[in-house]
Each structure stands twice: as C-alpha cells, then as structure tokens.
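Novice: Coordinates only, no sequence provided:
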C-alpha cells in the first residue's frame, strides 16, 4: 500500500549543495519526530518506521518505512519520494542512508542463519538475498569457486521471490523448497542441489526463511539476486566475479 501511495506522490530528484554536510550532525527534534511519525501513519494503517533521521534537505526528515525511503517535512505537510542528489559531490544521498541502515540490520543476522561459502582468509564478504529457483541466482552461484578464489566470501540469505503464501493462503513452492534447504542436515549440499534443479526432500523445522524474507522487504529487496557489500551498499544483481571484485575494490 505504501509503495502505491508514494508513487502517486513521486517527485523528481533533488539537487543539494552544502546542506548535506551538516545533516549528519543534526539531531532529531522530539516534537518534529512525533509530527513526522503521525504524517507517515496517514499513508497506511500498518506502516512502521524503521529509520528516522534529519535529512540533508533543511526542514525535512529522512524516513525508511515499508522498504521505501521518503522525505517528510518537519511540519508533516509534505512527503517527497525520490533520489536526493548532491550535485557538488556527484552522489546520491539516499545511498548513504540505505547503506548504514542495511549494514546495521544485517549485523543482527547470526552466521548460523546464513549459508556461507568462504575462502580461508576472505578479503571481502558480501551478503546475497537469493532464491533457489531464479535463473540469475543459479547463474551467479555457478561462479562460486571463482568468487572464493578472488577472496570473496558469499553469505546467502533466503528470499523466495514468489513470496511466502499463495493467494489461497498455502505456502508457495519456492518457500517450501527453501525451508527444506535450510532444514537439511547439510545445508550447502542441499543448496547446491536445489540450484541445479534438484530440490531436497520436503522437510520442516525451526528456520529463518520467513524472517529473512521479511528482512529483505525491510531493506528494500524487490528481486533476486541482490548483492550487498560489507558497507551495506547494494552492488546489484547478477555480476561476474571480475565485476564484483572491481566493485568491492572501489569501496562498494
């Protein structure tokens, strides 16, 4: 619902100058925060705010809610949806906020809930939201040896792109399959087989698939694969080992 409402409110990119530099030092005004929260609540009854902080644009707050980033005026009258561009630095200021938010949220996911492919002494570690059945996810996984040889550790989180339930309320095929992978005695072996088109025997257990899917929605994931670098930046979807290594070397 939030996404549909925001599309109707969509505005173009915002060009900023020196205001961006002072935004990081600004503090949230309690009174303005309450007004902003009330304004966001009007966009939908079940919308929860995951991040709220002063925006580089004076008089506005930067808000992440429902997997979307918006800008809300401190008086609660205006909502902007779009990229905020600092032309003086040639950068998208949305990226900085998303990166910090993603990095903090991903740090809460224990290693035991991930499926990890890592060389002995990795230079870089990326998190990938994946679906065992998507074509680009399978193509990416075929490069795993090359990723590891390049010093890149890959940590997978589950994101069944069909969602968790069908319209009739039954678990989707992909969700069921990914639960079976995460519940296998040898997750990596089951994962490899599923990526090759051979799903494991259906099984169930206490598993993180739903929570990881929900986390992906919270972090703005809308397709698979989605690669997130160690600093929380999105590095795109399908990439070759050389492309990923180059992005990481450039600070991605």
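Specialist: Nice, thanks for sending it over. The model shown is predicted, which means the values in this text are computed figures rather than measured ones. Numbering: from 1, shown residues only.
Novice: Strands of this protein, residue ranges please.
Specialist: 14-16, 49-54, 60-65, 68-73, 79-80, 84-86, 91-92, 115-117, 124-130, 152-158, 226-228 (DSSP state E).
Novice: and of those, who's closest to residue 206?
Specialist: strand 152-158 (13.8 Å; C-beta to C-beta). Quick note: C-beta positions are derived from backbone N, CA and C, even for glycine.
Novice: what about the spatially closest residue to residue 224 that is not a sequence neighbour, how many neighbours?
Specialist: Among residues not flanking residue 224 along the chain, residue 131 sits closest, at 4.3 Å (C-beta to C-beta, 6 or more residues apart in numbering). Neighbour count for residue 131, taken as other C-beta atoms under 10 Å: 24.
Novice: So for residue 131, what's the pLDDT?
Specialist: Per-residue pLDDT puts residue 131 at 97.
Novice: how far away is it from residue 194?
Specialist: 10 Å (C-beta to C-beta, to the nearest Å).
Novice: any residues in contact with both of those two?
Specialist: residue 178 (C-beta atoms under 8 Å, 6 or more residues apart in numbering).
Novice: Helices of the stretch 151-252 of the chain, start to end?
Specialist: Using DSSP state H, counting those that start in this stretch, the helices of the stretch 151-252 of the chain run over 173-182, 187-195, 209-218, 241-249.
Novice: The stretch 1-150 of the chain too?
Specialist: 2-8, 19-23, 30-41, 93-106, 135-141, 144-149.
Novice: now the angle between strand 68-73 and the longest one, please.
Specialist: When axes from the mean of the first three to the mean of the last three C-alpha atoms, to 10 degrees is applied, the directions of helix 93-106 and strand 68-73 differ by 120 degrees.
Novice: ok, the spatially closest residue to residue 78 that is not a sequence neighbour - how many residues close by?
Specialist: Computed as C-beta to C-beta, 6+ apart, the closest residue to residue 78 that is not its neighbour in sequence is residue 72, at 7.2 Å. Look at residue 72: counted by other C-beta under 10 Å, it has 26 neighbours.
Novice: ditto for the one 3 residues further on
Specialist: Other residues near residue 75 come to 12 when the count uses other C-beta under 10 Å.
Novice: rewinding a little: now the helices of the stretch 1-150 of the chain in CSV, with distance to residue 208 and mean pLDDT?
Specialist: CSV is the format used below for the helices of the stretch 1-150 of the chain (distance: least, C-beta to C-beta, whole Å; pLDDT from 0 to 100):
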stretch, distance to residue 208, mean pLDDT
helix 2-8, 25, 46
helix 19-23, 35, 44
helix 30-41, 28, 93
helix 93-106, 13, 94
helix 135-141, 18, 97
helix 144-149, 21, 98
